[in-house]
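Q: below: sequence and its predicted model.
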Amino acid sequence: MEVMVVHGGAGFWPRDRLEKGLKGVRRAVEEGFKELSSGGRALDAVELAVACMEDDPVFNAGVGSALTLSGEVEAEASIMDGSTLSAGAVALVRKVKNPVKLARLIMEKTDHVLLLGHVAEELARAWGLEEAELKTPERVELWKKGLERLGKGKIIYFKKLPRLLEEHPWLLGGTVGAIALDGEGRLAAATSTGGLMLKLPGRIGDTPQIGAGTYADRWGACSGTGIGEVAVKLGLARMACIFMRVGLGAREAAQACMGLVLQEFPWAPMGVITLDKKGQIGAAHTSERMCWAYMRTGMAGPFVSDRGVLVRGA
């Protein structure tokens, strides 16, 4: 059995972007599943699917990444092979078109898991990865509006993040991710993001921190989205895989993770996609929406939705 699951980010999806987001996750899941159905590895499939979304400016990853307070892109990505626990990650890159490809090369060509900034970019050039301008006019316009509100005192910069996101939901960028199970039973996960709009330069979120935004082992795989600091504090992706390791199915593991979020950070818009070794799928979120899609062996086409299991507090 082959299974492919992707997400395009949890949070606020305006009507004019929602349709584009759903089309984008459809393309990505089809790209990844094509690799699986031709006998490819789960690791290759998640890399292809995430790279597809990095190339789509509707998503906050790769081309179209959110901008820092200083108006620059500082993109992040990670990838993990559940069959070997090999992992690679990158952060603070500005010109690499597909950060997930760089994360894969860091995993395979270095002894490290996470590399940052100019060293990572120099290696990307040496390895022949494509460069690109990751800013888009839409993201620049959002950045300008954010600075204007900040200058007028309408945004208290991240001291009161819950209220900030309630009043200005566009600040929450949409991380992208993919998880897969191949015909040999191997699981893999990958995630990519531009991070939180107006974040401080140098801030590193959950995406490149293995166990926070991305994790895969022999029992399950998970990719998360939402407020990075929340995922880091909870070790959210690793927690999902622990739930699956001790016997929960993927759906129950995803819901349990969102239960943890509500218990500790009830204000936080978060989401996860999960996949267990049996091929069961989970998608849960506390945010209003989460664009996601999946395909499995025997399906004529992908299932695409802007809602998984919506988990709310009492």
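A: That came through, no problem.
Q: what about the stretch 151-300 of the chain, any weak spots by pLDDT?
A: Residues of the stretch 151-300 of the chain that meet the criterion pLDDT under 70 lie in 151-173.
Q: helices along that one, start to end?
A: Ranges of helices in the stretch 151-300 of the chain, per DSSP state H, counting those that start in this stretch, are 161-167, 228-234, 236-245, 250-264.
Q: need the ones you listed in TSV with distance to Leu275, can you?
A: C-betas here are computed from N, CA, C, even on glycine. Formatted as TSV, the helices of the stretch 151-300 of the chain follow (distance: least, CB to CB, whole Å):
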stretch	distance to Leu275
helix 161-167	28
helix 228-234	18
helix 236-245	9
helix 250-264	5
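Q: from these, which stretch is densest packed?
A: The highest mean neighbour count among the helices of the stretch 151-300 of the chain, using mean count of other CB atoms under 10 Å, belongs to helix 236-245: a mean of 25.
Q: now do that one: everything it contacts.
A: Helix 236-245 is contacted from outside by 189, 206, 210-217, 219-224, 230-231, 250, 252-254, 256-257, 260-261, 270, 272, 274, 276-277, using CB atoms under 8 Å, 6 or more residues apart in numbering.
Q: quick one: it to helix 250-264, angle?
A: With axes from the mean of the first three to the mean of the last three CA atoms, to 10 degrees defining the directions, helix 236-245 sits at 130 degrees from helix 250-264.
Q: dump helix 236-245 to PDB, keeping only the CA atoms.
A: Extracted C-alpha coordinates of helix 236-245, given in PDB (Å, rounded to 0.1, in the frame of the first residue of the first chain):
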ATOM      1  CA  LEU A 236       4.400  18.200  18.800                       C
ATOM      2  CA  ALA A 237       5.500  16.100  15.800                       C
ATOM      3  CA  ARG A 238       7.500  13.700  18.000                       C
ATOM      4  CA  MET A 239       4.600  13.500  20.400                       C
ATOM      5  CA  ALA A 240       2.300  12.400  17.500                       C
ATOM      6  CA  CYS A 241       4.700   9.600  16.700                       C
ATOM      7  CA  ILE A 242       4.900   8.500  20.300                       C
ATOM      8  CA  PHE A 243       1.100   8.300  20.400                       C
ATOM      9  CA  MET A 244       1.200   6.100  17.300                       C
ATOM     10  CA  ARG A 245       4.000   4.000  18.700                       C
END
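Q: so how far is that helix off the chain centroid?
A: With CA atoms, centre = their mean, to the nearest Å as the basis, helix 236-245 stands 16 Å off its chain's centre.
Q: can you check stretch 252-272 too?
A: Averaged over its C-alpha atoms, stretch 252-272 has a centre that lies 16 Å from its chain's centre (CA atoms, centre = their mean).
Q: start the count at 182, not 1, going forward
A: All set: I'll call the first residue 182, so the last point we hit is now stretch 433-453.
Q: just the C-alphas of that stretch, formatted as PDB.
A: Extracted in PDB, the C-alpha atoms of stretch 433-453 (Å, rounded to 0.1, in the frame of the first residue of the first chain):
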ATOM      1  CA  GLU A 433      -6.500   9.600  17.200                       C
ATOM      2  CA  ALA A 434      -2.900  10.700  17.500                       C
ATOM      3  CA  ALA A 435      -3.600  13.900  15.500                       C
ATOM      4  CA  GLN A 436      -6.600  14.700  17.800                       C
ATOM      5  CA  ALA A 437      -4.600  14.000  20.900                       C
ATOM      6  CA  CYS A 438      -1.900  16.400  19.800                       C
ATOM      7  CA  MET A 439      -4.500  19.100  19.300                       C
ATOM      8  CA  GLY A 440      -5.900  18.200  22.700                       C
ATOM      9  CA  LEU A 441      -2.500  19.000  24.100                       C
ATOM     10  CA  VAL A 442      -2.400  22.300  22.300                       C
ATOM     11  CA  LEU A 443      -5.800  23.300  23.800                       C
ATOM     12  CA  GLN A 444      -4.700  22.200  27.300                       C
ATOM     13  CA  GLU A 445      -1.500  24.300  27.300                       C
ATOM     14  CA  PHE A 446      -2.100  27.000  24.600                       C
ATOM     15  CA  PRO A 447      -5.800  27.300  24.000                       C
ATOM     16  CA  TRP A 448      -5.400  30.400  21.900                       C
ATOM     17  CA  ALA A 449      -3.000  28.900  19.400                       C
ATOM     18  CA  PRO A 450      -4.100  28.100  15.800                       C
ATOM     19  CA  MET A 451      -2.300  24.800  15.100                       C
ATOM     20  CA  GLY A 452      -2.600  21.700  12.900                       C
ATOM     21  CA  VAL A 453      -1.000  18.400  12.100                       C
END
